[in-house]
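Q: Here is my input; please provide its structure:
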Amino acid sequence: MSMIAQFLASIGATVLGFLATIGRVTIFAGNTVSHLIRPPFYGREFGAALIQIGWLSLPVVGMTALFTGGALALQIYAGGARFNAETVVPSIVAIGLTRELGPVLGGLMVAARVASSIAAEIGTMKVTEQIDALTTLSTNPMKYLTLPRVLAATLAVPVLVGVGDVLGIMGGFLVGVGRLDFGAATYLHNTLDFLTLWDVTSGLIKGAVFGFLVALMGCYFGMNSGRGAQGVGRATKSAVVAASVLILASNYLLTELFFSA
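A: Next up, the predicted model:
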């Protein structure tokens, strides 16, 4: 076989492997969603996942949003000063956080923390044959392990995004008032005047989609983890990378859907 033929064959194999992976993930997602309407429902697992994904992720998401809002205010002020447009700082900080930075950074922080944790947990259960034990006990692993985590992430991440939006705007406010000499009342007035309900709602919708993707990737790669410590490590790494890439890709698609002219 010639070198060109080998090159084309390698490209074809890569494309086919990628499409096969997309198909497997789509089937996995469909199976997960289908269990939502079929009993039984494991409320204890759902509650534990809600605390792990939502409550315990709040500090890192909140701190990220707070400092991002402050840095964004500084950057917008520095850029606006070139055009004598410093007054746009409050409105741009609010819109930028609620539409884009709040959901994206919140989703990426949750992906780093939660997707890796879920993949490692489920992967370890597979390696130690605990998933096989669940099947032996007539417990569906998809319903017991995957559905509670995916549902909890889909509900919890929008709440995290909402809290992050508030803290991010607060960070911009603190920097604007304390560092950039804005009046507190003027800053808040400009923020509320230019911020619409759809700005906030679109970010929350993005958060729900990102939460679904993060938990789905963690569960998928955990369920398909290889044997041994190396297999669990690869599953954890793959889950974080896949979740992060999907968050950025879906963010573009949702932005195009929500805000295209």
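Q: helix or strand for the residue nearest the centre of the chain, which one?
A: Note on the chain: the residue nearest the mean C-alpha position is residue 107, at 2.6 Å, using C-alpha atoms, centre = their mean. Residue 107 is located in helix 102-110, with elements delineated by DSSP states H and E.
Q: how close does the residue nearest to the centre of the chain get to residue 23?
A: 24 Å (C-beta to C-beta, to the nearest Å). All C-beta spots, glycine's among them, are computed from the backbone N, C-alpha and C.
Q: And for residue 48?
A: When C-beta to C-beta is the yardstick, residue 48 and residue 23 sit 31 Å from each other.
Q: Likewise for residue 84?
A: Taking C-beta to C-beta, one finds residue 84 at 55 Å from residue 23.
Q: do the same with residue 94
A: Residue 94 is 41 Å from residue 23, by C-beta to C-beta.
Q: next one: residue 236
A: Separation of residue 236 from residue 23 (C-beta to C-beta) stands at 23 Å.
Q: who's more crowded, the two?
A: Using other C-beta atoms under 10 Å as the criterion, residue 236 and residue 23 rank with residue 236 on top: 23 against 10.
Q: Show me where this structure has its helices.
A: Secondary structure of the chain by DSSP state H: the helices cover 3-34, 43-53, 58-80, 89-96, 102-110, 116-127, 130-136, 141, 147-178, 184-194, 197-223, 228-259.
Q: Let me know which of those is tucked in deepest.
A: helix 102-110 (a mean of 26; mean count of other C-beta atoms under 10 Å).
Q: and it, how far from the chain's centre?
A: Centroid displacement of helix 102-110 relative to its chain, using C-alpha atoms, centre = their mean, to the nearest Å, is 5 Å.
Q: Does that helix pack against any helices or strands, and if so which?
A: Applying 3 or more C-beta pairs under 8 Å, 6 or more residues apart in numbering; DSSP states H and E, we find helix 102-110 packed against helix 58-80, helix 147-178, helix 197-223, helix 228-259.
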